[in-house]
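Chemist: quick one, what's the 3D model for this:
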Amino acid sequence: MNVTLRQLRVFQSVARTCNFSRTGEAIGLTQPAVSRAIGELEQALGLRLLDRTTREVALTEAGRSLAARLERVLDELDATLEDVAGLADADGGKVRVASSPTLSAYLMPDCIAACARAAPRVRFLLLDRIQQDVLASVRGGEVDFGVVVEPPDVDDLHCEDILRDPFVLVTPEQHRFARAASVRWKALDGASLVLLDNASGSRRYVDEALAQHRVTCKVEQELGHPTTAFQMVEAGIGLTVMPRLAVPPAGLPGLAVRPLLPRLERTVMLVRRHDRALSPVADRVWGLVSATVRARRR
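Modeler: Residues are numbered from 1 along each chain as shown. Sure thing, here's the model as predicted:
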């Protein structure tokens, strides 16, 4: 079907004005050129789109159907072309970044704010997803890059470490562990725990540490978000082991946070596909995220 974008835009204008002369004035064509474009479009489709009389132009049923759908299609095309054109501009455009819930809540707001200050014409879109879905989004090209806890297999991804985040123990303030400056992993033997589930990038670190120190615990609940785990601890269901980053800067009322020894850290990293170079604007945002997170160490 030999239909051109020019013909579709002419038809869109005629559908709005129902007048060839006004359409010509609006898009810079003569009335015969408008008529010719509509005729070529009708011939290509094999349908009459307009009923013409000496007094008016009216849409046929086929014309109304095309006009109703064309508005959205052309809007999406315009948005796509704007996005592509923006790829060459490091100062403006849209960048899609995916990160897991803990990182989204406690790390990414500072990064988005830093980007808004340094590059106000850049639109930073954050996709908040569990870690497996973040990695799938990166590998599938849905996002420019991701922010994750070091996954076990990243041979197909380019990675940059940006933060080392230690694990801590969260207990009720009345618990005996709350009276200690730090807690050793071995002391958790026999304790009841509430932990993040296996969808979290951090759970494997905790399981490996418990196994390494030959600690046997009863896992009372496996949860999807740190906030829920903290509520469980407050209710007396168990203790929890969390990355320090998951604890709000203002602390947790009614709960105590203690370092775990020997110190165990998770690695937070930026990841992107090996086989796909970042656009200039995405590369700039990558650098801004990296610099903002690294500044937290100081």
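Chemist: ok, which stretches of the stretch 101-250 of the chain are strands?
Modeler: Assigned by DSSP state E, counting those that start in this stretch, the strands in the stretch 101-250 of the chain fall at 122-128, 145-149, 157-172, 183-184, 192-196, 218-223, 240-243.
Chemist: which SSE is the closest residue to Leu5 other than its chain neighbours in?
Modeler: What sits nearest to Leu5 in space, not counting adjacent residues and going by Cβ to Cβ, 6 or more residues apart in numbering, is Leu77, at 7.9 Å. To be clear about C-beta, it is placed using only N, CA and C from the backbone, and glycine gets the same treatment. Using DSSP states H and E, Leu77 sits within helix 61-86.
Chemist: between that helix and strand 122-128, how many degrees?
Modeler: Helix 61-86 runs at 100 degrees relative to strand 122-128, counting by axes from the mean of the first three to the mean of the last three Cα atoms, to 10 degrees.
Chemist: what residues are up against Pro226?
Modeler: Contacts for Pro226 (Cβ atoms under 8 Å, 6 or more residues apart in numbering) come out as Thr102, Leu196, Thr240, Met242, Ala246, Val247.
Chemist: and the fourth one, how far from Ala229?
Modeler: Going from Met242 to Ala229 by Cβ to Cβ, to the nearest Å gives 7 Å.
Chemist: returning to what we had before: could I get the strands of the stretch 101-250 of the chain as a markdown table with mean neighbour count and distance to Leu29?
Modeler: Listed next are the strands of the stretch 101-250 of the chain as a markdown table, based on neighbours: other Cβ atoms under 10 Å; distance: least, Cβ to Cβ, whole Å:
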| stretch | mean neighbour count | distance to Leu29 |
| --- | --- | --- |
| strand 122-128 | 17 | 34 |
| strand 145-149 | 26 | 44 |
| strand 157-172 | 18 | 49 |
| strand 183-184 | 18 | 77 |
| strand 192-196 | 22 | 62 |
| strand 218-223 | 14 | 63 |
| strand 240-243 | 26 | 62 |
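Chemist: including mean pLDDT, could the ones you listed go into TSV?
Modeler: Shown next, in TSV, are the strands of the stretch 101-250 of the chain (pLDDT from 0 to 100):
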stretch	mean pLDDT
strand 122-128	92
strand 145-149	94
strand 157-172	94
strand 183-184	97
strand 192-196	96
strand 218-223	95
strand 240-243	96
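Chemist: which one, of these, ends up nearest to Gly251?
Modeler: Closest of the strands of the stretch 101-250 of the chain to Gly251 is strand 157-172, at 10.4 Å (criterion: Cβ to Cβ).
Chemist: the closest one packs against which elements?
Modeler: Packing partners of strand 157-172 (3 or more Cβ pairs under 8 Å, 6 or more residues apart in numbering; DSSP states H and E): helix 131-140, helix 203-212, helix 226-234, strand 240-243, strand 255-261, strand 265-273, helix 280-295.
Chemist: how about 6 Å then?
Modeler: Under the contact criterion of 3 or more Cβ pairs under 6 Å, 6 or more residues apart in numbering; DSSP states H and E, strand 157-172 touches strand 240-243, strand 255-261, strand 265-273, helix 280-295.
Chemist: quick one: that strand to chain centroid distance?
Modeler: With Cα atoms, centre = their mean, to the nearest Å as the basis, strand 157-172 stands 20 Å off its chain's centre.
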